[in-house]
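Novice: Sequence first, predicted model second:
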Amino acid sequence: MDLSSAVLWWEEWQLRILVLGSLFAQYILLFSAPLRKRAIPSWFRSIIWLAYLGSDALAIYALATLFNRQRRQDCSSGQGNSILEVVWAPVLLMHLGGQDSITAYNIEDNELWTRHVLTAVSQITVAIFVLSKSWRGGDNRLLKAAIMFFIPGVLKCLEKPWTLKNASINSLVSSSDPAHGTISNVDEIKTLQAYLQEATTDCVEAHHNRELQEQSDSVDSPSGIPPHILQPSRLFVDLASSYAERLRILTFFKHLHDKKLYDLLQEGLSNMFDSLYTKETFISTLTSSTPLRHPWLSICGYWLRGCSMHLPFSAIVLFHKSHGAYNDIDVKITYALFCCTLVLELYPVLLKFSNVSSYSRLVRLREGLDLGFGKPRLSVMVAQYSLVGFFSRNKRHTKTMCVVSLLQCKDFLDQRWCVKPCDSSFFITKLVLQYVKSGWKYKIKNVDSYWKFNDHRGQWTLENKCNQDLVWSLRRPFDESILLWHITTDFCFYYMGASVDHQCAIAWCTQDYAFGQDHGCAAWCESVVRCKEISNYMMYLLFVNPEMLMAGTRRNLFIAANAEVEELLKDEKPLLKKILKGKNLSLREILNGKMSWLKEILKSDTSMLEIIKGKMSRLKEIIRNKNQSPGAASSTDTKIHMAENKWLEKIERGVVQAIVAKLESTECSEQVACTESPTGAEKNATAQQGFLRDALRLHKGLLALGNERMWDVIEGVWVEMLCFSASRCRGYLHAKSLGNGGELLTVVWLLLSHMGMETLPERLQRTELSIPRGNGATPASTSQIYGIEYPARFRRTRPHEEAAAIGASTSQPYRSTC
């Protein structure tokens, strides 16, 4: 085939390929878009993103091609083919309207609804022009079939920008009831002090006792749940609720079981995802548990879906009965377009109604709270990132990093090459819930204590559970404290001088708790795992998602800390080469059983070794055996994943050992130099101050507490830091994170709000400042008023403070032992 023949072939098949490609993109979105709530890999999200962008592009390109073809063609020649192609125009309009399961991929798409209005109007105009100019009489049944598709096509084109407009931030704010967001309305609870008195006294218990029977009857149905729990849209636009509404939600939440509470949080986030990123607002009258902002929208939505189901079916019948000499290929493509487009409209509606019947069966068959309603709920994974892992990865992939750096893509790769996330959001949420409940029980007594409790970021734990002077680690900017405690947690986690129980926690308990197993170790082993997971998650926020951690977070602190590690170990290349001599796990090596460390881990399981050595028949028997336990087939992947994680932990443990050994040797040499030349040693120590030295100092202070108490303190500090960050993140950023599967920080933020804690809008709308009352008459500084303590070098001291500082400096400084 020469070039001219290829051009002729493309001119003949161009429109057909574009139309079928548009149909294919719609089916990709139909089945893949609902999975955005699930924990899916990033490459699969990229496919959804490409299908989302490509579906509109293909439909617009096909309409433009159809417009050009009809404009060039002479009405007297090839009329049959041109008229049949014209019928495809309204089908493309229906494709341009998109699927119910995805209207926006990112939160920013909702703000671009005016652009979609312009696109819809222009494409509708093109379709009308093509239909009117190309039709010169002939088969009236074919014309009626085109009109049957044209009516729902126009309505669906206009529905998409309408949905985007209703999901925009300005529309959500405008549709919110202003009476619930102010304290000027007539309400029995008008002040924060009155709210706290009701929340901290037996009034909550009295309300609970009166509503206990109602909750037991209504907790399985949406009508008995406060509407702001199932549809927390006000929180996502940073609007505060009234004190009465907050007390009602707190009363409802305070006595729920942990699993039921977590299910409610998931349901609320899932409903917000549907409101922001799907057409759920238009089709939620009969199936949704959430209150509707505009009930008439659902009426219009169901009327539109009725037209989309019945009119295409009538169009298929009319096309089947039409007559005319049409091209056989075009006839087959037309049948495929009509039938497949009808299925696209039928499938979501039938799935909705099937979910209603399935929910009615679940209510009768299950106990407790089941709020799934047959639709997928948001599955929040806990992202992980580690400074030691980042350093090890760069050293193991030196050539790759060099190539990526030359292409100016290293920063892009660093933010997406994360550690595999863990599914522990429920367990971490339980820790936060226990912390908040203990705060209501022991700490919160009045307005000042309420504000102080919400401003804690580790101080409460160190004051109550630690007899060491470690508060200095928190007297610095929040992002620096996060990085310092992350490095310290890694030092404690990989500490080789700990007990046997501690080594067991490092080697096996991480995997056992992650997969819901019980290894039989010490009771604090679970605390070790949770501390490691929260530490890595906070580091992920610092480096990958700093705007959610806190406004003004400096992600370059992570790069600076990594540079410290490289500078410290620059003379330890032989040791690093020995530590990093392992290589990546490949499928061929797994199947051939060449990995000695993998054999050693799995030597206790003979059947597992047979599978790894290539005897896959045993694996097929396990899968086909109906009497086998459900987890038997998945245990293979679990153990391979455990083995790979142990290999990575072995590398990170070696790096941490090298760092700690180098730091301790440096301190010993400094002590010797201090004895010989105190002035020079002091200058040298000042020049080498950094995160690693501070982390070692904090690490040694924690080790003095003992294993169980040490991890209890670390866990408490991380929970407080997590709550501190969550309550200071804007609702818009939480809404944005839902489009990427959600964040643990969003779950914690929603829990804190429902449990009566102070959110960002309430903090910004404070009518009074929290001024601590001391023994002296010295007024509090601005940093103290807002619960922030800056390092001494950033504070302006008064004369009496300087005298106190000089007196304190005479105390014995921290010294390490060689």
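Specialist: Arrived safely, thanks for sending.
Novice: from here on, contacts and neighbour counts on C-alpha atoms
Specialist: Fine.
Novice: what's the burial count for Arg693?
Specialist: Neighbours of Arg693 under the rule other Cα atoms under 10 Å: 18.
Novice: Any buried residues in stretch 408-426, and which?
Specialist: 418, 421, 423-426 (16 or more other Cα atoms under 10 Å).
Novice: ok, now stretch 469-486?
Specialist: Buried positions in stretch 469-486, judged by neighbour count with 16+ other Cα under 10 Å: 470, 473-476, 478-486.
Novice: out of those residues, which one sits closest to Leu84?
Specialist: Each of those was checked against Leu84 using Cα to Cα; the closest is Asp479, at 63.7 Å.
Novice: contacting residues for that closest one?
Specialist: Asp479 makes contact with 542, 553-554, 557, according to Cα atoms under 8 Å, 6 or more residues apart in numbering.
Novice: would JSON lines of the residues you listed with secondary structure be doable?
Specialist: Converted to JSON lines, the contacts of Asp479 look like this (DSSP: H, G, I helix; E, B strand; the rest coil):
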{"residue": "Leu542", "secondary structure": "helix"}
{"residue": "Thr553", "secondary structure": "coil"}
{"residue": "Arg554", "secondary structure": "coil"}
{"residue": "Leu557", "secondary structure": "helix"}
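Novice: Ser241 is in contact with Ile189, correct?
Specialist: No: using Cα atoms under 8 Å, Ile189 is not in contact with Ser241, being 12.0 Å away.
Novice: so what secondary structure elements neighbour the helix or strand where His699 lies?
Specialist: Using DSSP states H and E, His699 maps to helix 691-703. In terms of contacts (3 or more Cα pairs under 8 Å, 6 or more residues apart in numbering; DSSP states H and E), helix 691-703 is packed against helix 478-493, helix 556-568, helix 632-676.
Novice: Turn the ones you listed into CSV, including distance to Met710 and mean pLDDT.
Specialist: Listed next are those as CSV, based on distance: least, Cα to Cα, whole Å; pLDDT from 0 to 100:
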stretch, distance to Met710, mean pLDDT
helix 478-493, 9, 95
helix 556-568, 24, 93
helix 632-676, 18, 72
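Novice: My guess is Leu722 contacts Leu745. True?
Specialist: Yes: the pair formed by Leu722 and Leu745 meets the contact definition of Cα under 8 Å, at 7.3 Å.
Novice: circling back to that earlier point, most neighbours among the contacts of Asp479, which one?
Specialist: Most surrounded of those: other Cα under 10 Å gives Leu542, at 25 neighbours.
Novice: How about His116, nearest residue that isn't a chain neighbour?
Specialist: Nearest residue to His116 in three dimensions, chain neighbours excluded: Pro161, at 5.4 Å (Cα to Cα, 6 or more residues apart in numbering).
Novice: From Asp712, how far off is that neighbour?
Specialist: 51 Å (Cα to Cα, to the nearest Å).
Novice: for Leu35, same thing?
Specialist: 37 Å.
Novice: ok, Tyr243 to Gln197 distance?
Specialist: 11 Å.
Novice: Of the two, give the one with the bigger neighbour count.
Specialist: Between Tyr243 and Gln197, counted using other Cα under 10 Å, the more crowded position is Tyr243 (23 against 16).
Novice: you'd agree that one is up against Leu196?
Specialist: No: look at Tyr243 against Leu196 with Cα under 8 Å: they stay out of range, at 9.3 Å.
Novice: in this protein, which spans are strands?
Specialist: Remark: strands assigned in the chain by DSSP state E are 382-384, 419-422.
Novice: Of all those, which one is nearest Cys340?
Specialist: Between the strands of the chain, strand 419-422 lies closest to Cys340; by Cα to Cα that is 37.6 Å.
Novice: what residues does the closest one touch?
Specialist: Counting by Cα under 8 Å, 6+ apart, 381-386, 514, 533 sit against strand 419-422.
Novice: which one of those residues sits closest to Ala561?
Specialist: Distances from Ala561 to the contacts of strand 419-422, taken by Cα to Cα, are shortest for Ser386, at 11.4 Å.
Novice: What about the closest one, how many residues nearby?
Specialist: For Ser386, using other Cα under 10 Å, the count is 24.
Novice: I figured it hits Leu541, correct?
Specialist: No: taking contacts as Cα under 8 Å, Ser386 lies outside contact range of Leu541: 10.9 Å.
Novice: anything in contact with each of the two?
Specialist: Common neighbours of Ser386 and Leu541 (Cα under 8 Å, 6+ apart) do not exist.
Novice: and which of the contacts of strand 419-422 is nearest to Arg71?
Specialist: Looking across those and measuring by Cα to Cα, the closest to Arg71 is Met381, at 53.0 Å.
Novice: can you pull the pLDDT of the residue nearest to the closest one when sequence neighbours are not counted?
Specialist: Residue nearest to Met381 in three dimensions, not counting chain neighbours: Asp423, with 5.2 Å by Cα to Cα, 6+ apart. Listed pLDDT for Asp423 reads 89.
Novice: Identify the farthest-apart pair in the contacts of strand 419-422.
Specialist: Longest span within the contacts of strand 419-422, Cα to Cα: Ser386 and Ala514, 17.7 Å.
Novice: For Cys466, give me phi and psi.
Specialist: Backbone geometry at Cys466, expressed as degrees, to the nearest 10, gives phi -130, psi 130.
Novice: What residues does Ile189 make contact with?
Specialist: Ile189 sits next to 195, 243-244 when contact means Cα under 8 Å, 6+ apart.
Novice: Before we move on, what's the pLDDT of it?
Specialist: 75.
Novice: what's the answer for Ser77, then?
Specialist: Taking Ser77 on its own, its pLDDT is 48.
Novice: Tyr540 now?
Specialist: Looking at Tyr540, its pLDDT stands at 96.
Novice: thought it was touching Gln384?
Specialist: Yes: using Cα under 8 Å, Tyr540 is in contact with Gln384, at 5.8 Å.
Novice: between these two, which one's more packed in?
Specialist: A count of neighbours by other Cα under 10 Å puts Tyr540 above the other of Tyr540 and Gln384, at 23 against 20.
Novice: What is the neighbour count of the nearest residue to the more buried one once chain neighbours are set aside?
Specialist: Closest residue in space to Tyr540, ignoring its immediate chain neighbours: Tyr385 at 4.8 Å, by Cα to Cα, 6+ apart. Neighbour count of Tyr385, defined by other Cα under 10 Å: 24.
Novice: who are the neighbours in contact with Tyr385?
Specialist: 418-419, 536-537, 539-540.
Novice: Against Gly458, how distant is it?
Specialist: 21 Å.
Novice: and if you look at Leu196?
Specialist: 23 Å.
Novice: Counting neighbours, go ahead and name the busier of these two.
Specialist: Neighbours per residue (other Cα under 10 Å) separate Leu196 from Gly458, with Gly458 holding more: 24 against 20.
Novice: Please tell me how far the closest residue to the more buried one other than its chain neighbours sits from Cys409.
Specialist: Using Cα to Cα, 6+ apart and skipping the chain neighbours, the partner closest in space to Gly458 is Val717 (4.2 Å). Distance check for Val717 against Cys409: by Cα to Cα, it reads 35 Å.
Novice: Also Glu12?
Specialist: 41 Å.
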